[in-house]
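A.B. asks: Task: produce atomic coordinates for the following.
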Amino acid sequence: MVRPEPPRPRLQPAPPVAAVAPMSTTAMVAVLGVVVGALYLGSEILIPLALAILLSFALAPIVIRLRRWGLGRIPSVLAVVLLLFMTLIGLGSIVTTQLADLATNLTTYEWNLRTKIRELRIALPSGGVIERTSNMLQDLREELQEVTNPPGEEAEGEDTSSGEGEPVKPVLVRVQSPAPTALETLRNVGGPLIAPIATAGLVVVLVIFMLLQREDLRDRVLRLVGGGEVARATEAMDDAAKRISRYLLMQLIINVLYGIPVGIGLYFIGVPNPILWGCLATVLRFIPYLGPVIAALFPIALSFAVAPGWTLPLLTIALFVALELFSNNVLEPWLYGASTGLSPVAVLVAAVFWTMLWGPLGLLVSTPLTVCLVVLGRHVPQLGFFNVLLGDEPALSPEVRFYQRLLARDPDEATALAEEYLEDGSLDRLYDSVILPALVHAEQDRLRGSLPRAAVEEIAEDTIGVIEELEEDYLPSDEAGDAAAVSLKPTSILCVGARNGLDEAAAAMLTHLLTQRGAGARAVSRAEISGRRLASLEREGITLVCLSYVNPEATQHAQRTIRRLRQHFGTEVRVMLGMWAADPSPEAPRELLAATGADLMVTSLRQAVRQIIEEGSPEQPEVEPESRTTAA
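C.D. replies: Now for the predicted structure:
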C-alpha cells in the first residue's frame, strides 16, 4: 500500500526589509564623533570587554575542538581557561626568577660600563658634538640658576643682619612628617596594583562567560545587528571571527618562532638571562611597532655592561637585526597571507588612533579592532568607507589605475603598471582587461564632455608609447604555427584605427598581438583611409582589414568606412569589425553585421587573434541577403 505523501510545509514570505536611506556626510561625521567620544569616556569598561572578546576569539576554536572530542561545554571552557592561566603563571614565575637573578648581578657590571664610557670619551675628538652639547647644557643650567637666584638678592625667609647691623645666623627649620601607618603603607604599595588585578579578574570572568554563552551571544548580536538580513550578518560575523582567530594564532606562532631563536642566540653569544629575554621578546611582539624595539633594547643595553669589549654588543645587535629581517620578510608574509585584510598604512594609523584613546592596551588591541571595522565595511554598505580606507584591497581596479596614470601624463608609471600586471598575466589579458578598458573610460569621458579632444589625443599617444615599450620586450614568437606562416603573408592584415587616436591605440595592440604570433599585420592610422589618401593605400597581398572602434555607438561611421573600403579593395578582401566596448551577447554581432555590412565582428582582442590565427580563415556568418543589401 502506498502511503500518502505528507503535506509539505508552505514557506511564508519573508517580511520586506525597509530600505535604509543613505546617511549624509554631516550626519556620518556627527555619528563618528559621538562614537569616538564614547570610546574615550567609556575606556574603563570597554578595554576589559575588548580584551575578553579577543581572548574568546582566540580560545573558541580550542573549546569547539574539545567539545567535538566528547568533552562537555563547561569542562571544555574550564580546561582551556585553566590551561591558559597555568601557562601564564609558569611564564610569570620564570620571568620573576630571571629578573631577581639579573638584579643581583647588576652591580658587577658597573666597572665595564665605566670602562666603555672612558673609551668613548677618548675615542671622540675634542670639541665634538657630544662635548659641545654638554657645554651648552652646562651654560644653560648656570643661566637658569642666575635667573632664579640673582646675585645680591637674599633668599626669602633669610635675614642676614639685625637692627644693629650684626649678622644673625638663620634658624634651620625641618618639617618632619609622622611615620606612615600600616594601612597607609598598604595603600601606597598595593594601590597601583589593584587596578591591573581587578581588570585581569574582570577579563577572566568575561572570557568564561562568553565561551559558555557563545551561541546565545551570537544569536543576540544577530538579532540586534542583522535585522532582516540574517545571511549578511552571519557572513560578517563569521568573517570577523575567522580573520581575528587566524591573526591571533599566526601572531602567536610568529612570536614563538621569534622568541626561541632570541633565547638560543643570546645564550651562545653570552648575554645573561637569555630565557628572560626570549620570553619578553615573545610577549612584547604582540604590541605593534614598539614591541620588537623594546624587546631588543634591554638585552642590547645589557650586552654593553657584561663584557669590556665591543664584540658582544655588536653580535647582539646583529642577532636582532637578522631575526627581524627574517620575521618581517619570510615568516609574516608566509603565515599571515590574507589573514587580516589590512593595509600597512591602516595598521600604523590604527595603532596611533587606539593608543591615543586607550593608551598601551589600545596599542595591543589596535589590529584586531581595526579588522572588525574592515569586515563591517565589506558587509555593510553604509560603512564601506572603512574597507576603502583600511582594507588591503586596491582602491582602484587595474584599468582605472592605468587610466589615471594616462590622465596624469605619466607614461612611465603606466608602463610600470603594465609590466607589473604581466608578471602574473599574459599580454592578451593585459590588453583586453586593462589597457582597452582604460581607453573605453577615456572615450566615455569624451562623450560626456569631461575630457577635451586634445587630452584624448594625448592619452592615445601615451598609450601607443606604452605599447611600443612592450613591443621591445615581447618580440614576434619563434614558435608561431606553421599554418599561420603559410596562410598569412607579410602585410596581409591591416589594423585600422577608424575615428580617433583611441581607436588607433586599439589597432596598435591588435597589430602587436598578431605580429607576436607571426602574422603579417600593420597598423593603419585614420589619416591613411581618409579622403584622397585612401587611393594610395596598398592593395597587393591584403586579405583582411580590421576596423577598430572604442565607441560601440559608431555604427553609422563604421557603415560609411566599410563602404569606402570595399570600393577600394573590392569584395575579395574581408572586413572585420572590432567593437571593443560592444555587448558580447550572441545577438549583438549579428545585429552589428547587418547594420554595418562587415564580414566578421569581434568584441575582444583575444577573440580577434583567435579567429585570425588559430581558426585561419573563418567562415562568413549567416546574414540575410536583404539585410546585407540594406546595410550596404
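A.B. asks: What residues of the helix ranked longest in the chain count as buried?
C.D. replies: Assignment by DSSP state H gives helix 230-269 as the longest helix of the chain. By neighbour count on 16 or more other C-beta atoms under 10 Å, the buried set for helix 230-269 is 233, 236-237, 239-241, 243-248, 250-251, 254-255, 258-259, 261-263, 265-266, 269. All C-beta atoms are positioned from the backbone trio N, CA, C, and that covers glycine.
A.B. asks: ditto for stretch 375-382
C.D. replies: In stretch 375-382, counting by 16+ other C-beta under 10 Å, buried: 375-380.
A.B. asks: ok, now stretch 450-465?
C.D. replies: Applying 16+ other C-beta under 10 Å to stretch 450-465 flags 451, 455-456, 458-460, 462-464 as buried.
A.B. asks: Need the contact partners of that stretch.
C.D. replies: 406-407, 409, 411, 414-415, 435, 438-439, 442-443, 445-446, 500-502, 504-505, 508 (C-beta atoms under 8 Å, 6 or more residues apart in numbering).
A.B. asks: Can you name every helix or strand that the longest helix of the chain contacts?
C.D. replies: helix 43-68, helix 214-221, helix 274-284, helix 290-306, helix 311-326, helix 332-336, helix 366-379 (3 or more C-beta pairs under 8 Å, 6 or more residues apart in numbering; DSSP states H and E).
A.B. asks: Of the ones you listed, which is nearest Gln516?
C.D. replies: For Gln516, the closest of those is helix 332-336, at 34.0 Å, according to C-beta to C-beta.
A.B. asks: How many neighbouring residues does the nearest residue to Ile74 once chain neighbours are set aside have?
C.D. replies: Leaving aside its chain neighbours, Ile74 sits nearest to Leu212 (6.8 Å; criterion: C-beta to C-beta, 6 or more residues apart in numbering). Neighbour count for Leu212, taken as other C-beta atoms under 10 Å: 16.
A.B. asks: Same check on the one 5 residues further on?
C.D. replies: A count of nearby residues for Leu217, using other C-beta under 10 Å, gives 15.
A.B. asks: Nearest spatial neighbour of it, chain-adjacent residues omitted?
C.D. replies: Met210 (6.3 Å).
A.B. asks: Likewise for Ser245?
C.D. replies: Here the residue nearest Ser245, using C-beta to C-beta, 6+ apart, is Phe57, at 5.2 Å.
A.B. asks: and that neighbour, how many neighbours?
C.D. replies: 22.
A.B. asks: Stretch 474-491: end-to-end distance?
C.D. replies: In stretch 474-491, first residue to last residue: 19 Å (C-alpha to C-alpha, to the nearest Å).
A.B. asks: average model confidence for that stretch?
C.D. replies: Regarding stretch 474-491, the rounded mean pLDDT is 51.
A.B. asks: starting at the chain centroid, how far to stretch 447-461?
C.D. replies: 33 Å (C-alpha atoms, centre = their mean, to the nearest Å).
A.B. asks: Report the contact partners of Met356.
C.D. replies: Applying C-beta under 8 Å, 6+ apart, the residues contacting Met356 are Gly362.
A.B. asks: Would you double-check that it falls in a helix?
C.D. replies: Yes - applying DSSP: H, G, I helix; E, B strand; the rest coil, one finds Met356 inside a helix.
A.B. asks: any idea how far it lies from Ala100?
C.D. replies: Computed as C-beta to C-beta, to the nearest Å, the Met356 to Ala100 distance reads 36 Å.
A.B. asks: Next, the buried residues of the helix or strand hosting Gly92.
C.D. replies: Per DSSP states H and E, Gly92 falls inside helix 73-105. Buried residues in helix 73-105, counted by 16+ other C-beta under 10 Å: 76-78, 80-81, 84, 95, 98.
A.B. asks: quick one: that helix to helix 290-306, angle?
C.D. replies: 30 degrees (axes from the mean of the first three to the mean of the last three C-alpha atoms, to 10 degrees).
A.B. asks: low-scoring stretches of the stretch 401-550 of the chain, by residue?
C.D. replies: 475-490 (pLDDT under 70).
A.B. asks: swap the cut-off to 90 and go again
C.D. replies: Under the criterion pLDDT under 90, the flagged ranges of the stretch 401-550 of the chain are 401, 404, 406-428, 432-433, 443-457, 468-494, 496-501, 514-545.
A.B. asks: those helices in the stretch 451-600 of the chain, which residues are they?
C.D. replies: 453-473, 482-487, 501-516, 555-569, 587-596 (DSSP state H, counting those that start in this stretch).
A.B. asks: Relative to Gly37, how far out is the residue nearest the centre of the chain?
C.D. replies: The centre of the chain sits closest to Ser343, judged by C-alpha atoms, centre = their mean, with a distance of 2.2 Å. Ser343 sits at a distance of 26 Å from Gly37 (criterion: C-beta to C-beta).
A.B. asks: And the furthest pair within the buried residues of helix 73-105?
C.D. replies: Ser76 and Gln98 (33.5 Å).
A.B. asks: Which PyMOL command selects the buried ones in the contacts of stretch 450-465?
C.D. replies: Buried residues within those, by 16+ other C-beta under 10 Å, are selected in PyMOL with:
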select buried, resi 406+407+411+414+415+435+438+439+442+443+445+446+500+501+502+504+505+508
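A.B. asks: which ones are touching the residue nearest to Leu217?
C.D. replies: So Met210 contacts 52-53, 56, 217 (C-beta under 8 Å, 6+ apart).
A.B. asks: Look up how far Leu248 lies from it.
C.D. replies: Met210 is 15 Å from Leu248, by C-beta to C-beta.
A.B. asks: and if you look at Glu413?
C.D. replies: 38 Å.
A.B. asks: ok, now Pro411?
C.D. replies: 45 Å.
A.B. asks: ok, the nearest residue to Val256 once chain neighbours are set aside - contacts?
C.D. replies: Of all residues not flanking Val256 in the chain, Thr282 sits nearest, at 5.9 Å (C-beta to C-beta, 6+ apart). Residues counted as contacts of Thr282 (C-beta under 8 Å, 6+ apart) are 255-256, 258-260.
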